[in-house]
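Participant: Structure for this input, please:
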Amino acid sequence: MKIATFNANSIRSRLPIILQWLEKHQPDVLGIQETKAQDEDFPCGAIEDAGWHVVFKGEKSYNGVALICRNEPQEVRFGFDDGGPADETRLVRAVVDGVSVVNTYVPQGRAIDHAMYQYKLRWYKRLKKLFESEYDAGQPLAWIGDINIAVEPIDVSNPESHRNDPCYHIDAHNAFLDVCSFGFEDVFRKHHPEEELYSFFDYRVKNAIDRNLGWRIDYVLATPPLAQRSISCNIDLEPRRMEKPSDHTFMIATFAG
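Facilitator: Purely as a prediction, here's the structure:
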């Protein structure tokens, strides 16, 4: 089974790259974040015409999540149902070929003194409660997406300069690890324990890919029954080098069975 994730930074702008990547890699499920498209503007026809199933929830110019699957996903749900903001355009989950998949676009946080940073920390807490109330670490479960945290120094270039960044600050680090304590393993680090490889490269940084100046803020995380079946997990830099790319690129994990 192949499980992948990609922050598209506008699915309509990145549609040719996505369709080409799907054809080449043939994942069983691809989680998309930051689609930036209202539902009526989502290019579902082009995706379905290419032979894929897709579920999505979006809004104009902001947020938006989707799951693109080889087979029709089951038990599709969007957002939270805990009495707080539903955030349906930041979270989609489904069962794909017997594996539960939760695709999230975690808030970035803007700045550590900004209200959105506190919202981000609360978002992690809400997510952990969702996992605890509706899932079991003993079941095959994948948490994927743009998680907006570089958890270790090797996950960001020049880490010392980013200590007050909302995607590297200690409080966000701890909030993320608290969710992981539910029972998630970072599948990428299982296969690349010490490599400084990144999934996000800022448009504003000249030759960022060649200079390896970036962040690893996109993840495939898995509970033990799924993680132990992991064969590989890689970041595909080729799409980031293409014309009109997203600032993120694809991560894909392969599992036996």
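
Participant: what residues does the helix ranked longest in the chain touch?
Facilitator: Looking across the chain with DSSP state H, the single longest helix is helix 115-134. Identification of contacts with helix 115-134 by CB atoms under 8 Å, 6 or more residues apart in numbering yields 80, 82, 84, 87, 90-91, 102, 104, 106-111, 141, 143, 148, 166, 169, 171-172, 175-176, 178-179, 181-182. (Glycine included, C-beta is placed from N, CA and C.)

Participant: which stretches of this protein form strands?
Facilitator: Ranges of strands in the chain, per DSSP state E, are 2-7, 29-33, 53-59, 62-69, 74-78, 91-96, 99-105, 141-146, 185-186, 218-222, 230-236, 250-255.

Participant: Find the centremost residue of this protein, please.
Facilitator: In the chain, the residue lying closest to the centroid (CA atoms, centre = their mean) is Gly145, at 1.0 Å.

Participant: hang on, it packs against Arg93?
Facilitator: No: counting by CB atoms under 8 Å, Gly145 does not reach Arg93; the two are 10.6 Å apart.

Participant: Quickly list what's touching both of the two.
Facilitator: In contact with both Gly145 and Arg93: 102-103, using CB under 8 Å, 6+ apart.

Participant: before we move on, the earlier item: just the buried ones among the contacts of helix 115-134, please.
Facilitator: Buried members of the contacts of helix 115-134, scored by 16 or more other CB atoms under 10 Å, are 80, 87, 90-91, 102, 104, 106-109, 141, 143, 148, 166, 169, 172, 175-176, 179, 182.

Participant: what about Tyr117, distance to Val179?
Facilitator: Distance check for Tyr117 against Val179: by CB to CB, to the nearest Å, it reads 16 Å.

Participant: Check Ala115 too.
Facilitator: 21 Å.

Participant: With Pro245 instead?
Facilitator: 29 Å.

Participant: And Arg240, by the same measure?
Facilitator: Arg240 is 27 Å from Val179, by CB to CB.

Participant: Please tell me how far the longest helix of the chain is from the chain's geometric centre.
Facilitator: Relative to the mean C-alpha coordinate of its chain, helix 115-134 is positioned 16 Å out (CA atoms, centre = their mean, to the nearest Å).
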